[in-house]
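**Q** the amino acid sequence is not available; the structure is as follows:
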Ligand SMILES: Nc1ncnc2c1ncn2[C@@H]1O[C@H](COP(=O)(O)OP(=O)(O)OP(=O)(O)O)[C@@H](O)[C@H]1O
Ligand SMILES: [Mg+2]
């Protein structure tokens, strides 16, 4: 436990000194707030531009609050996820490519506490950023457009966090064998592939953690999806990724050139 | 004093098609200082990485401490080893002091002690003024000193230093050599270097590695005696006759080894008196116009150059 705290404090300090604690939450907050504000003013803006026939303009209405929140999530799925993965890509890969691992690893008898600390630090940043962006979006949505129900909103948030979390966790094992940018690229690629497969073959991939983002949206828009299997498999994915990262880093702590 | 703290036997490392370390064996006694000497690519870094636990040996074994200790005890030994890589890399966003405290805590020192000990080693390596500056702003030599500080911070029983002085200026080099000299006796030291002179300065033993194998090892004083051979150096005026004569020198029975250049010869001889008399006579008879004759003895340096050059 004490080893975990030493590593965890170091990770948190590093994130703070590299301003990750500012820019990642800022991106999420911006994305979250922009969505309801944009949607709210969109009809007015279109109206003002003037060349739209009134019949067409009448068709453009402000969507219901749940849909706005759901479209916020889809914003998070692209830019938000990208920012998270980029901010996390060097947690393990950087230790290898910079060569700092050569000084740290001989001191520790087990790599697992270090890896769990890295994961926990990533998750802290992820949860804070997401909660900030999501809450911002919900606040403006309820102020400008209409009230939201707490239950579905919280449920959707939880599933969505699980979806972000398992993808970001992929950079741990990938970073233990590849350089940072390659790890980020492959993590995003495999997440996209799994998420797409899950929507193409829903019956075969009931358990796929790739379904979690769709489940979150469904939660918001009134469905009551069964999310038990994907949530459990996301947790398993993360545990496996962390253990794999530990073993891989222990096996090859140095880049060949270093 | 004669108790070994580290014994390695037939240590081998394969890396793909290369075998940088080809079955080496040696012991380190408690409190001794040993230089791991060798040219570029000899396998020094690979050996030290295995001893530090960063690479696992392909074959052979490493034993720390007393004979009975096994793999699990080797794990415990990790905390008692200080390791300085050839190119130490730190977290540039930390200050020197923060880095040392972090390292000390990783090696199991409790918080308060970690800080006290970090300040102590910072002073030892002369970095107290830069203690609170970010490492990203350190010069190469300062980083090297910080590297030495982190190797000492947890009061290890054995330190493994990979070329601790190669990156330092003459003054920094002097300081580090003095520091090692002070540590001798308390700590078991193994450090790698290309330079025999560094080894002779602080160490009592050396292990000479060439191309993954041990070419020679032992007490420096014994090795010096072993490789001390009578040596004659000749230099002659330029000229046809002189050159021919020099070239004919290796045929003499009293000359063991001859290195002939255009106008000079370096001769290892069996019996100095016999050789001296014979050569002086010959030169007088043949009318060789010499410039210089010098009698001396070959040193470790000569052996080192020969083994490394071969
Ligand atoms: N990670 C690696 N992958 C492949 N080959 C390696 C690796 N590390 C070292 N080698 C090879 O092993 C041999 C020995 O390298 P090593 O770094 O141990 O030598 P060294 O004695 O430390 O040399 P130097 O004095 O230049 O530091 C070299 O031929 C090198 O190419
Ligand atoms: Mg080396």
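**A** On my side now, so go ahead. Everything numeric in this text was worked out from a predicted model, so none of it was measured. Ligands and ions are numbered 1, 2, ... in the order given.
**Q** centre-most residue in chain A?
**A** Taking C-alpha atoms, centre = their mean, the centroid of chain A lies closest to residue A:164, which sits 3.0 Å from it.
**Q** that one: helix or strand, and which one exactly?
**A** In the assignment (DSSP states H and E), residue A:164 maps to helix A:150-169.
**Q** neighbours around the nearest residue to the residue nearest to the centre of chain A once chain neighbours are set aside, how many?
**A** Closest residue in space to residue A:164, ignoring its immediate chain neighbours: residue A:126 at 5.7 Å, by C-beta to C-beta, 6 or more residues apart in numbering or on different chains. To be clear about C-beta, it is placed using only N, CA and C from the backbone, and glycine gets the same treatment. Using other C-beta atoms under 10 Å in any protein chain shown, the number of residues around residue A:126 comes to 23.
**Q** chain center to the helix holding residue A:164, what's the gap?
**A** 9 Å (C-alpha atoms, centre = their mean, to the nearest Å).
**Q** buried stuff in stretch B:254-272?
**A** Neighbour counts over stretch B:254-272 (16 or more other C-beta atoms under 10 Å in any protein chain shown) mark B:254, B:255, B:258, B:260, B:263, B:265, B:266, B:267, B:268, B:269, B:272 as buried.
**Q** sorry, that was for stretch A:67-87
**A** For stretch A:67-87, a neighbour-count test (16+ other C-beta under 10 Å) marks A:67-73, A:75-77, A:80-81, A:83-85, A:87 as buried.
**Q** from these, which is closest to residue B:290?
**A** residue A:87 (75.8 Å; C-beta to C-beta).
**Q** quick check, that closest one in contact with residue A:126.
**A** No - at 9.2 Å, residue A:87 does not count as touching residue A:126 under the criterion of C-beta atoms under 8 Å.
**Q** before we move on, the earlier item: which of the buried residues of stretch A:67-87 sits closest to residue B:192?
**A** residue A:87 (38.4 Å).
**Q** closest point of chain B to chain A, which residue?
**A** Relative to chain A, the nearest point of chain B is residue B:89 (3.6 Å; C-beta to the nearest C-beta).
**Q** secondary structure element holding that residue?
**A** Following DSSP H and E, there is no helix or strand that holds residue B:89.
**Q** residue A:224 too?
**A** Counting by DSSP H and E, residue A:224 is part of no helix or strand.
**Q** what is the neighbour count of it?
**A** By other C-beta under 10 Å, the residues close to residue A:224 number 9.
**Q** any chance you could map the helices in the stretch 1-150 of chain B?
**A** Remark: helices assigned in the stretch 1-150 of chain B by DSSP state H, counting those that start in this stretch are B:44-51, B:71-77, B:96-106, B:111-124, B:140-152.
**Q** looking at these, which is closest to ligand 2?
**A** Checking the helices of the stretch 1-150 of chain B against ligand 2 by C-beta to the ion gives helix B:44-51 as the closest, at 3.1 Å.
**Q** ok, residues contacting that closest one?
**A** Residues outside helix B:44-51 that contact it (C-beta atoms under 8 Å, 6 or more residues apart in numbering or on different chains): A:102, A:254, B:6, B:8, B:11, B:13, B:15, B:20-21, B:24, B:36, B:38, B:55-57, B:62, B:81, B:83, B:85-86, B:160, B:162-163, B:190, B:192, B:209.
**Q** buried subset of those residues, written for PyMOL?
**A** To isolate the buried ones among those in PyMOL, judged by 16+ other C-beta under 10 Å, type:
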select buried, (chain A and resi 102+254) or (chain B and resi 6+8+11+13+20+21+24+36+38+55+57+62+81+83+85+86+160+162+163+190+192+209)
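**Q** which regions of chain B sit below the pLDDT cut-off?
**A** Counting by pLDDT under 70, the ranges of chain B that qualify are B:1-2, B:66-76, B:310.
**Q** redo that, cut-off 80
**A** B:1-3, B:65-78, B:298-310 (pLDDT under 80).
**Q** what parts of it come near chain A?
**A** B:49, B:52-55, B:75-76, B:78-79, B:81, B:83, B:85, B:87-91, B:93-94, B:102-103, B:105-107, B:147, B:150, B:154 (C-beta under 8 Å from any C-beta of the partner chain).
**Q** show the buried residues in those.
**A** The neighbour count (16+ other C-beta under 10 Å) marks B:49, B:52-55, B:78-79, B:81, B:83, B:85, B:87-91, B:94, B:102-103, B:105-107, B:147, B:150, B:154 as buried among these.
**Q** thinking again about what came up before, of the helices of the stretch 1-150 of chain B, which is nearest ligand 1?
**A** Evaluated with C-beta to the nearest ligand atom, the helices of the stretch 1-150 of chain B place helix B:44-51 nearest to ligand 1, the distance being 3.1 Å.
**Q** phi and psi next, for whichever residue of the stretch 201-310 of chain B sits closest to ligand 2.
**A** Going by C-beta to the ion, ligand 2 is nearest to residue B:209 of the stretch 201-310 of chain B, at 10.5 Å. Torsion angles at residue B:209 (phi, psi; degrees, to the nearest 10) stand at phi -110, psi 130.
**Q** so how far is residue B:302 from it?
**A** 18 Å (C-beta to C-beta, to the nearest Å).
**Q** run the chain-centre distance for the one helix or strand residue A:134 maps to.
**A** Taking DSSP H and E as the definition, one finds residue A:134 inside helix A:112-144. From the chain centre to the centre of helix A:112-144 is a distance of 8 Å (C-alpha atoms, centre = their mean).
**Q** tell me the angle that helix makes with helix B:96-106.
**A** On the basis of axes from the mean of the first three to the mean of the last three C-alpha atoms, to 10 degrees, helix A:112-144 is oriented at 120 degrees to helix B:96-106.
**Q** what's the angle between helix A:112-144 and helix A:150-169?
**A** 140 degrees.
**Q** and helix A:112-144, what does it pack onto?
**A** Counting contacts by 3 or more C-beta pairs under 8 Å, 6 or more residues apart in numbering or on different chains; DSSP states H and E, helix A:112-144 packs against helix A:2-17, helix A:20-49, helix A:65-75, helix A:81-88, helix A:90-98, helix A:150-169, helix A:171-175, helix A:228-251.
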